[in-house]
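Chemist: Need coordinates for the below:
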Amino acid sequence: MWLSTREILYVNNPHWRDYFDSLGFPHRAEIRSIDSWCNPHVHYSENFRLHSLEQAWDLVDWLPIPIFKRQYYLLFTNADKQRVLLTHPRLHLLGHELLDHQFNSSLLNYWPWKGALAPFAQRVNKYGLLSWDDAKAAQAILPKLWHGAPRSWVAVAALFEVLPGAR
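Modeler: This is a model prediction of the structure:
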């Protein structure tokens with residue numbers, strides 16, 4: 001599990017809109033991602049490794065406080081562990097992303113998702129992220145479609161926004 005404070009990417013400028021259109025995404029107002037080129041870390045924040053969810057609450061007190069509607073606390077984890085987190089009152093599931101070993105998003109940071117991948121790109125949610133089922137299906141076919149390229153071997157991550165409130 002990792003925690004950081006991130007910028008929200010709003011796709012209302014022509015540069016970003018053209019880029020996301022080239023990926024085959026439907027029009028989205030904002031994009032949330034683990035990939036730091038897309039959602040940069042705020043100030044001294046980075047991906048801080050957590051060994052338990054309880055560590056998150058102490059770290060939130062130390063991280064830069066997000067500016068409303070411009071930044072957010074991002075908690076992400078291996079999606080296989082998400083079931084425990086889905087019921088927590090301070091965590092809002094944003095969606096799922098496919099990541100290579102360097103936390104680069106295969107959905108946002110590499111080749112456009114065309115052909116057999118195009119339907120997945122068309123179904124991203126309002127944050128530009130995949131459902132659990134689409135993420136698992138895309139994970140299974142990426143190595144074949146991208147001819148075993150290193151970036152095609154990905155893990156599914158679950159992304160959560162940490163909400164204000166009681167621990």
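Chemist: Now for the residue nearest to residue 164 when sequence neighbours are not counted, how many residues are close by?
Modeler: Distances taken as Cβ to Cβ, 6 or more residues apart in numbering place residue 90 nearest to residue 164, at 7.7 Å, with adjacent residues excluded. Where C-beta positions appear, they are placed from N, C-alpha and C, glycine not excepted. By the other Cβ atoms under 10 Å criterion, the neighbourhood of residue 90 contains 19 residues.
Chemist: Any idea how many residues pack against residue 22?
Modeler: A count of nearby residues for residue 22, using other Cβ under 10 Å, gives 9.
Chemist: Not counting the helix or strand containing residue 55 itself, show me its contacts.
Modeler: Residue 55 is part of helix 53-62 when elements are defined by DSSP states H and E. Applying Cβ atoms under 8 Å, 6 or more residues apart in numbering, the external contacts of helix 53-62 come out as 1, 3, 48, 50, 73, 75, 84-85, 88, 162, 167.
Chemist: can I get these in a markdown table with neighbour count and secondary structure?
Modeler: Supplementary listing: these in a markdown table, determined by neighbours: other Cβ atoms under 10 Å; DSSP: H, G, I helix; E, B strand; the rest coil:
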| residue | neighbour count | secondary structure |
| --- | --- | --- |
| 1 | 18 | coil |
| 3 | 24 | strand |
| 48 | 15 | strand |
| 50 | 16 | coil |
| 73 | 24 | strand |
| 75 | 25 | strand |
| 84 | 10 | helix |
| 85 | 16 | helix |
| 88 | 15 | coil |
| 162 | 21 | strand |
| 167 | 10 | coil |
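Chemist: Fine by me, thanks again.
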